[in-house]
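Participant: Quick one, what's the 3D model for this:
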Amino acid sequence: MIDRDGYRPNVGIVLCNGRNEVFWGKRVKEHAWQFPQGGIKPGETPEQAMFRELKEEVGLDPCHVKILGRTREWLRYDVPQTWVRRESRSVYRGQKQIWFLLRLVGRDCDVCLRKSEHPEFDAWRWHDYWIPLDSVIEFKREVYGRALKELARYLSSSRARKERAQRASRAAGPIDR
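Facilitator: Got it, this is the predicted structure:
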């Protein structure tokens, strides 16, 4: 499914833990690290595709995460022609992505990279939110930076709500039983 401009619809997933570190997956048999991502199938919404990709690539179900936010618009990147299959070169330019920011509400042990027959990752780790963009493949760096910048506001508002709730709880004092 490629749009008239030559971009394939896709979702990107920034999964963070309680310390606002992000999930960073190592591609199978490569020394390349990235966020989970994948194509949107015909008839799927971006959210449905995100949950399917999350299950396939990271092994997590919707009950393991909370959606904190998503990008407002499609973010696009062009794939270098040398990476494009010969039969697709006249049409395919790259990908357009909706990025989701998720909070892991499950546990680290819920992550399972072997949920699909064709695993995307063979290792993973938590990394600071502002990952060094020079570790991302060059043609995706700008889109990663734009996604992280746009989604960062949801981390701030999420943290602020949690801190307000904790202050309110402390101010209320102990509960008499």
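Participant: Dump stretch 127-135 to PDB, restricted to CA.
Facilitator: The C-alpha coordinates for stretch 127-135 follow below in PDB (Å, rounded to 0.1, in the frame of the first residue of the first chain):
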ATOM      1  CA  HIS A 127      18.100   3.900  26.800                       C
ATOM      2  CA  ASP A 128      17.900   7.600  27.800                       C
ATOM      3  CA  TYR A 129      15.000   9.200  26.000                       C
ATOM      4  CA  TRP A 130      17.200  11.500  24.000                       C
ATOM      5  CA  ILE A 131      19.000   8.700  22.300                       C
ATOM      6  CA  PRO A 132      22.200   9.600  20.400                       C
ATOM      7  CA  LEU A 133      20.700  10.200  17.000                       C
ATOM      8  CA  ASP A 134      24.100   9.300  15.300                       C
ATOM      9  CA  SER A 135      23.400   5.700  16.300                       C
END
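Participant: so Glu57 sits in a helix?
Facilitator: Yes: per DSSP: H, G, I helix; E, B strand; the rest coil, Glu57 lies within a helix segment.
Participant: All the strands of the protein, in order from the start?
Facilitator: Using DSSP state E, the strands of the chain run over 7-16, 22-27, 33-34, 37-39, 65-70, 75-78, 94-104, 121-127.
Participant: Give me the contacts around the third one.
Facilitator: So the one you mean is strand 33-34. 24-27, 135-137, 140 (Cβ atoms under 8 Å, 6 or more residues apart in numbering). Every residue, glycine included, has its C-beta placed from N, CA and C.
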